[in-house]
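*Asks:* got a sequence here, can you build the structure:
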Amino acid sequence: MKHYTLFLLVSFYTLICTAQNLQLEKASPFTAVIWEEDHPIVKFEGNWYKLVQIEDYKTDEILSFCKQQYSSKWKKRFSEDLVEVLKSWGVQPMVKVKLLLANKSGEIKEFFGTYTYENRQKVLRYNQDRPKQLKTIKTSHAIDDIDTFYKILKERSSYIHLSDYNYHLAIESLRTKIATSKTDIDINYLTHELAKILATLGDRHSYVINEAFDIKDVPDHTLQLPFSLAVLQQKVVALKLMKKSSNYTYLYPNYPYLKAMNDIPIHTIIDSLAYQSKKAPKKAKLSLGSLQIQQLGKLYFRNNLSLPIQTRIIFSDGIKDTTVVIKLQQTTQKYVSKLKKKNKSILKEIRKGNYNSVSKIIKGDIGYIKIPQMLSLKNTEGLKEYLDRTFKAMQNTKAMIIDLRNNPGGTRDIIRLAANYLIPKSESPWVSNVAYLRTKHKDSIHKSMTNRYLYTYTYKSATEADKKAITEFNGQFSLQQTFDKTAFSNPHYMVLHAGDNPYTKPVYILVDEYTFSAASVFTSVFKGLPNVKIVGLTTDGSSGNSKKFTLKHSNIKLKISTMLSFQRNGKTLDGNGTKPDIIIERNEKQVLEGVDHQLQTLIEMINLQTISSKNSKHR
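*Replies:* Modelled structure (predicted):
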């Protein structure tokens, strides 16, 4: 009775405080959440609706954050901990909330709901009371799902046409192994075996997941190394966090490098077990692989392996070694650079509508713009106007740096906006990207391509100048790899144009191996312009135009890429990334103390070039 009274008091309090920020940590405007094709269907005022938008924030944007932040728990966190999710995303919920909801016929209406603790508890109870998902399926059903997986790859995957991996044999071997099983098939096992096949194709936008996975069934899943891993000078180093300063120091100063684990060389583990980044560019593969090794329990689980009873680590100084037996732990020690923390902080401020930390003028009269994520200009209020003002305000600087390090991607809106300022009139129209869509409808207009600003030669909006630029481009362009074009659409081109007042000074795009997806597309788009230099480390590439599928019996979810995306040099983004014109590695101070050596070095180079240029004019 006391708890029920508390519910009433809390609900009453929220109703009379609608003009205030929500004080509750556990609250929801919905009473239940179910999922259709990874999209939330919410119960609101007794009826079920597709959730389109919360306040001014698209549901897909919030879900994208959840997937990045909460991994396999993203659905649970969204449904049960919405307030915490939004705050972590940089949004302070109000007690009253505007909702855009779509009914079964697709009609979208605006509603106003209230965050209450009682609603949240109903969501929680609904999740707990739902029937438990299957953990195993019959052998015949597993084989049927494998056959469906094979069919999807043959009919929809783009990367089977570039990869030399014999996925036919891999699938047939798995099918044979499953067929000989005398027991039902564990869905987690099937998930991981399919995931390994898909990852080996080189599709970096793909996934295979079992959404019914219950972490309580696998106690070892959360076991992690009791120290941090980072990459320095192409070697994996073992670190520990110094809490007072937030700096890192070597775990064993005399033996800083991680050489082997359970007698397996660290690079072998990255090549064989960390399959999610198996086909990433070299630097990204090493950095992402080290992050996967950090979560050792999860890594072994995803490979259908049992953790060894003890974990033997060989540390090295490059010549001499030492061996240590360690105990895995539940708490995370994942390495997080100060640069990444700053990136996250800037993104939070942007979500609040505060853009002060996005740009500045740094010493030597150099313009600096930090883009932490490729945000939608339509859904991020004020961002377009801010970037336009910023690019115009930097016209008088002597150089400009656009920092895309740690940018995970998003939409291509910012690419198109930046083109107005970065492309010289002499290079406009600029053909920056070529892509092919896996489809039987070769001549159709594909919305998934036009949404990415990719158009065919005959598209209605193409001007004669655009067509001429495409013709000239095709005269010099050659693909790195040939493929069966009959299985794809006609080529689609991203054609960009100079604005009225393009920036005429040097532009430096600063990137690293965490520059991914649309951020990597940004990098490749402007590489090759006479006024632009790419600086830093090779990007992680990837551009896939993914589609989602569900296997009937196991309910395993698939996402595969249906597009091949080529850079101006004829290489795919996936597996290659974009190489910098000027390489600047991280040094020890940047890895351990967060001193931005890459940015400092670039600033020094720009200032030295300016001085050198001035001196040459006076000779």
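*Asks:* what ranges does the stretch 1-150 of the chain have for its strands?
*Replies:* Counting by DSSP state E, counting those that start in this stretch, the stretch 1-150 of the chain has strands at residues 32-36, 39-44, 47-54, 57-58, 96-102, 108-114, 136-137.
*Asks:* and if you look at the stretch 451-600 of the chain?
*Replies:* In the stretch 451-600 of the chain, the segments counted as strands under DSSP E, counting those that start in this stretch are 492-496, 507-511, 532-536, 546-550, 557-561, 563-566, 582-583.
*Asks:* what is the rounded mean pLDDT of the last one?
*Replies:* Average pLDDT, strand 582-583: 98.
*Asks:* now for this structure, the helix or strand with the poorest mean pLDDT.
*Replies:* The weakest-scoring helix or strand in the chain, judged by mean pLDDT, DSSP states H and E, is helix 2-16 (a mean of 42).
*Asks:* where does the protein dip in pLDDT?
*Replies:* 1-21, 130-132, 610-619 (pLDDT under 70).
*Asks:* domain parsing for it?
*Replies:* According to automatic domain parsing, the chain comprises the domains 2-129, 225-326, 337-428+499-541+586-619.
*Asks:* out of these, which is the most enclosed?
*Replies:* Of the domains of the chain, the one with the most neighbours on average (mean count of other C-beta atoms under 10 Å) is domain 337-428+499-541+586-619, at a mean of 19. From N, CA and C alone the C-beta is placed, and that goes for glycine too.
*Asks:* which parts of the stretch 251-400 of the chain are helices?
*Replies:* Using DSSP state H, counting those that start in this stretch, the helices of the stretch 251-400 of the chain run over 266-272, 282-294, 296-302, 338-351, 383-393.
*Asks:* rebuild those as TSV, extending it with distance to residue 121.
*Replies:* Formatted as TSV, the helices of the stretch 251-400 of the chain follow (distance: least, C-beta to C-beta, whole Å):
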stretch	distance to residue 121
helix 266-272	44
helix 282-294	35
helix 296-302	30
helix 338-351	27
helix 383-393	37
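*Asks:* excluding its backbone neighbours, what's nearest the most centrally placed residue in the chain?
*Replies:* For the chain, the residue nearest the mean C-alpha position is residue 408 (4.3 Å; C-alpha atoms, centre = their mean). Counting by C-beta to C-beta, 6 or more residues apart in numbering, residue 516 is the residue found nearest to residue 408 once chain neighbours are left out, at 5.1 Å.
*Asks:* what of residue 355?
*Replies:* Closest residue in space to residue 355, ignoring its immediate chain neighbours: residue 386 at 4.6 Å, by C-beta to C-beta, 6+ apart.
*Asks:* from residue 369, how far off is the one you found?
*Replies:* 10 Å (C-beta to C-beta, to the nearest Å).
*Asks:* tell me where the stretch 501-619 of the chain has helices.
*Replies:* In the stretch 501-619 of the chain, the helices defined using DSSP H, counting those that start in this stretch lie at 518-526, 588-593, 597-618.
*Asks:* how big is the angle separating the first one from strand 507-511?
*Replies:* In this structure, helix 518-526 runs at an angle of 150 degrees to strand 507-511, with axes from the mean of the first three to the mean of the last three C-alpha atoms, to 10 degrees as the basis.
*Asks:* what are the contacting residues of helix 518-526?
*Replies:* Residues from elsewhere that reach helix 518-526 (C-beta atoms under 8 Å, 6 or more residues apart in numbering): 371, 373-374, 404, 407-412, 414-415, 418-419, 422-423, 432-433, 494, 496, 507, 509, 511, 515, 532, 534, 539-543, 565, 567-568, 573, 577-578.
*Asks:* give me the angle between that helix and strand 532-536.
*Replies:* On the basis of the same axes, to 10 degrees, helix 518-526 is oriented at 140 degrees to strand 532-536.
*Asks:* now the strands of the stretch 1-150 of the chain as CSV including distance to residue 241?
*Replies:* Formatted as CSV, the strands of the stretch 1-150 of the chain follow (distance: least, C-beta to C-beta, whole Å):
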stretch, distance to residue 241
strand 32-36, 36
strand 39-44, 36
strand 47-54, 35
strand 57-58, 33
strand 96-102, 37
strand 108-114, 41
strand 136-137, 41
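*Asks:* which one of the ones you listed lies closest to residue 607?
*Replies:* Taking C-beta to C-beta, strand 57-58 is the member of the strands of the stretch 1-150 of the chain nearest to residue 607, at 41.0 Å.
*Asks:* for that closest one, name the packing helices and strands.
*Replies:* Packed against strand 57-58, as judged by 3 or more C-beta pairs under 8 Å, 6 or more residues apart in numbering; DSSP states H and E, are no other helices or strands.
*Asks:* pairing partners for that strand, with directions?
*Replies:* If you go by DSSP bridges, strand 57-58 pairs up with strand 47-54 (antiparallel).
*Asks:* CA atoms of the partner strand as CSV?
*Replies:* The C-alpha trace of strand 47-54 is given here as CSV (Å, rounded to 0.1, in the frame of the first residue of the first chain):
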residue,chain,number,x,y,z
ASN,A,47,-3.3,1.7,-27.9
TRP,A,48,-0.2,0.5,-29.9
TYR,A,49,1.7,2.9,-32.1
LYS,A,50,4.9,3.0,-34.0
LEU,A,51,7.2,5.6,-32.3
VAL,A,52,8.3,8.1,-34.9
GLN,A,53,9.7,10.9,-32.8
ILE,A,54,10.2,12.0,-29.1
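*Asks:* which residues touch it?
*Replies:* 34, 36, 39-42, 58-59, 62, 86, 97-104, 108.
*Asks:* 10 Å instead, please
*Replies:* For strand 47-54, contacts defined as C-beta atoms under 10 Å, 6 or more residues apart in numbering pick out 29-30, 32-34, 36, 39-44, 58-63, 78, 82, 86, 91, 93, 97-104, 106-111, 113, 379.
*Asks:* same question for stretch 264-273.
*Replies:* Residues contacting stretch 264-273 (C-beta under 10 Å, 6+ apart): 196, 229, 234-236, 257-262, 277-278, 285-290, 292-293, 296, 299-300, 302-303, 305, 312-314, 316.
*Asks:* sorry, back to before: between the domains of the chain, which gets nearest to residue 490?
*Replies:* When the domains of the chain are compared by C-beta to C-beta, domain 337-428+499-541+586-619 sits nearest residue 490, at 19.9 Å.
*Asks:* just how off-centre is the closest one within its chain?
*Replies:* In terms of C-alpha atoms, centre = their mean, to the nearest Å, the gap separating the centre of domain 337-428+499-541+586-619 from the centre of its chain is 19 Å.
*Asks:* before we move on, the earlier item: indicate which one of the strands of the stretch 1-150 of the chain is closest to residue 148.
*Replies:* So among the strands of the stretch 1-150 of the chain, strand 136-137 is nearest, using C-beta to C-beta, at 12.7 Å.
*Asks:* show me what that closest one pairs with in its sheet, parallel or antiparallel.
*Replies:* strand 185-186 (antiparallel).
*Asks:* any chance you could list what contacts the partner strand?
*Replies:* 135-143, 145-146, 177-178, 192-193, 210, 217, 304, 553-554.
*Asks:* return the distance of that strand from the chain's centre.
*Replies:* For strand 185-186, the distance to the chain centre is 30 Å (C-alpha atoms, centre = their mean).
*Asks:* circling back to that earlier point, isn't the residue nearest to residue 355 up against residue 371?
*Replies:* No - assessed by C-beta atoms under 10 Å, residue 386 is found out of contact with residue 371, at 11.5 Å.
*Asks:* now the common contact residues for these two.
*Replies:* 350, 358-359.
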